[in-house]
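Visitor: fold the following and give me the result.
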Amino acid sequence: MDKRTLLALLLMMIVFLIFDHFVWKPQKIKKAEATEELASKSTPDAKADTSAAATSSIAEISGSDQDTNVVLQNDLVSIIISNRGARVSGVALKKYLNAQKLPAQLIPPNHSIAGTTLFADGGETSLDNMLFEVESDSERKASFYLKSGTDSVIVKTYTLNDDYGLNMDVKVHNYKPINGIRLSFDAGIENTERREAIAGSDPKSKKNKTQEYKFLIFADNQFRKFDSKKIAKTQTGEVSSFAWAAVKTKYFTIAIREVEPPLSTSFFAQQNSKTESPGFYIDSMHKKARSTWEQSFVLYMGPADHTILQKYGKGMENIAELGAKWLRWLSAFFAWVLKFLHSLIPNYGVVIIIFSFLIKIVLHPLTHKQLESGIKMQRIQPMVQEIQSKYKSDTKRMQAELSLLYKETGTNPMAGCLPLILQMPVFFTLYTVLRYSLDMRNAHFVGYLKDLSEPDPYLILPILMGVFMLLQSLLMQPPKVSMDQMDDKQKSAAQTSRMMTWIMPIMMFFVFRGMPAGLVLYWTVFNIFSVIQQYYLQKHFKQKES
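Guide: Numbers count the residues shown, from 1 in each chain. Down below sits the predicted model:
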């Protein structure tokens with residue numbers, strides 16, 4: 001890879017990041033900022049009292065006299081629901097293990113989600129400390145209810161589906177006229193990638209992987225995303241057509257989707273200081289009090305998998321990280337190919353090597369054109385330098401002679417750039433796929449590489465990548481010309497070229513050292529194939545010339 005190609009690669013990476021953050025996402029940023037300006041009068045007060053000592057009395061309703069838990073489960077997930085507040089207090093994913101080789105837990109220890117608060121008589125009544133009576137005749141369904149006398153006036157029913165969805169129906173009937181309800185997900189989501197023991201671990205421990213918390217909401221046909229930095233500042237907003245809201249980590253998510261017709265009117269999100277995860281509330285309000293309030297939701301608590309989430313509709317597949325919107329179709333395709341190969345080959349490192357080879361075959365026409373152009377330019381460098389020396393005082397004549405040379409030799413200095421530009425979407429798509437693919441989570445390759453979704457801890461792959469980039473650059477160097485035959489400008493260009501030959505691999509090492517090991521493995525293997533291709537292409541040109 002010559003210096004021009006290497007420089008173009010680095011510049012295009014920088015341009016992609018700039019465009020991704022400042023051009024393709026401006027509308028999202030403006031929407032996110034707009035929510036901060038919305039009036040908070042219809043949004044729950046951050047300091048609102050949601051404890052048992054609420055404004056409205058709950059003395060007239062009763063439930064059970066003891067704490068109990070109900071477990072709903074299927075082949076994929078086990079969910080614990082406490083009768084205290086009829087809240088979800090545990091979610092264990094059977095197919096995904098944590099660092100202790102136990103099912104990954106999605107709810108932070110000593111926390112719960114799906115708490116309920118009623119709005120009535122101008123006040124708030126929290127049900128979080130009420131002990132509900134329970135009815136459950138299967139591992140898939142449980143009903144929790146509070147009574148007034150012998151009548152059930154508040155009922156929460158949970159029904160587990162075949163994957164990670166939990167239907168939640170809330171019904172308040174003949175309790176008192178109410179104006180709405182609030183659902184609490186303020187606990188956020190657990191950091192499943194902790195290296196220490198799950199219970200009582202320090203989220204700031206250096207042994208833990210960097211977690212990528214996000215809060216997402218889709219309402220009024222607008223998708224908004226808030227990262228940890230933005231959620232550190234409380235986010236609020238009114239909605240007229242709520243679809244879903246979610247908190248997510250790198251691999252997993254807890255989401256709530258409202259079943260039609262939508263009654264939710266506002267949201268409130270902020271970082272939970274104890275769990276360090278974004279938490280949120282969803283309010284459903286109506287100015288006119290109702291004697292009966294019925295509302296249904298689906299809670300999704302599982303992997304942030306594009307294919308699974310797509311089944312839930314309303315754009316929930318956007319929870320999964322698929323990169324820039326205009327490249328998501330390519331991300332979905334690459335994810336499918338990798339998953340298919342992984343179903344045949346258990347070692348994901350081998351899968352990436354094979355995938356690199358397949359991509360090399362697909363891109364062969366482009367890379368061949370790029371390398372062929374580089375070799376042709378390499379061959380005519382002495383003639384280019386001769387023209388530059390001969391007409392150094394006549395720029396117009398120099399350009400005319402160079403154009404004539406390029407035409408006679410069938411070369412073009414820019415011919416190698418277009419193939420490289422066309423390859424860049426593949427590279428950036430793979431970055432997203434290999435970083436966020438669930439199959440890559442804790443995917444072992446060989447020896448010390450136990451998680452290809454994380455950077456190489458010993459930097460061996462980035463070093464190998466730099467070595468092969470250097471080798472490729474050395475192969476592309478033009479024939480040496482005596483310094484005595486060069487003018488000052490050509491000498492300066494030659495020195496810059498030699499310097500870039502060594503500097504660019506070093507720069508790329510620093511760029512790649514923080515990237516997922518799987519991506520670095522792909523790029524290293526791809527470079528190895530490129531070196532082999534380049535070697536035989538140069539050999540072919542030499543045989544053709546002789």
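Visitor: which helix or strand contains the residue lying closest to S473 once chain neighbours are set aside?
Guide: The shortest distance from S473 to any non-neighbouring residue, by CB to CB, 6 or more residues apart in numbering, is to T501 (4.7 Å). Heads up, the C-betas are built off the backbone N, CA and C, glycines and all. Secondary structure assignment for T501, by DSSP states H and E: helix 488-512.
Visitor: after that helix, which helix or strand is next?
Guide: helix 517-545.
Visitor: kindly list the main-chain dihedrals of H173?
Guide: phi -140, psi 120 (degrees, to the nearest 10).
Visitor: and if you look at the one 5 residues further on?
Guide: Here the main-chain torsion angles of I178 (degrees, to the nearest 10) amount to phi -120, psi 150.
Visitor: run through the bridge partners of it.
Guide: Going by DSSP bridges, I178 is paired in beta bridges with A120, R290.
Visitor: show me the contacts for it.
Guide: Going by CB atoms under 8 Å, 6 or more residues apart in numbering, I178 touches L118, F119, A120, V172, A289, R290, W293.
Visitor: roughly how far apart are K229 and L461?
Guide: K229 is 30 Å from L461, where distance means CB to CB, to the nearest Å.
Visitor: does L322 touch S331 like I think?
Guide: Yes: in this structure, L322 is within contact of S331 by CB atoms under 8 Å, at 4.2 Å.
Visitor: list residues touching both of these two?
Guide: Common neighbours of L322 and S331 are listed as T432 (criterion: CB under 8 Å, 6+ apart).
Visitor: quick one: mean pLDDT over the helix or strand containing Q385.
Guide: Q385 belongs to helix 381-390 when assigned by DSSP H and E. Over the span of helix 381-390, the pLDDT mean works out to 79.
Visitor: show me what it is packed against.
Guide: When contacts are defined as 3 or more CB pairs under 8 Å, 6 or more residues apart in numbering; DSSP states H and E, helix 381-390 packs onto helix 395-409, helix 488-512.
Visitor: tell me which of these sits nearest to S152.
Guide: Among these, helix 488-512 comes nearest to S152, with 60.7 Å by CB to CB.
Visitor: ok so, going back, so K229 and L461 - more neighbours on which side?
Guide: Neighbour count, other CB atoms under 10 Å: between K229 and L461, L461 has more, with 25 against 8.
Visitor: can you tell me how far the more buried one is from M507?
Guide: From L461 across to M507, the span is 16 Å (CB to CB).
Visitor: same question for I380.
Guide: 28 Å.
Visitor: who has more neighbours out of these two?
Guide: The neighbour comparison of I380 against M507 (other CB under 10 Å) goes to I380, with 19 against 16.
Visitor: residues in contact with that one?
Guide: I380 touches L405, T409, T411, counting by CB under 8 Å, 6+ apart.
Visitor: for the stretch 251-400 of the chain, give me the ranges with low pLDDT.
Guide: 370-371 (pLDDT under 70).
Visitor: also the stretch 51-200 of the chain?
Guide: Within the stretch 51-200 of the chain, the ranges that satisfy pLDDT under 70 run 51-60, 62-64, 194-200.
Visitor: that one: strands as residue ranges?
Guide: Ranges of strands within the stretch 51-200 of the chain are 69-73, 77-82, 87-97, 103-105, 115-120, 123-126, 133-135, 141-148, 151-160, 165-185, based on DSSP state E, counting those that start in this stretch.
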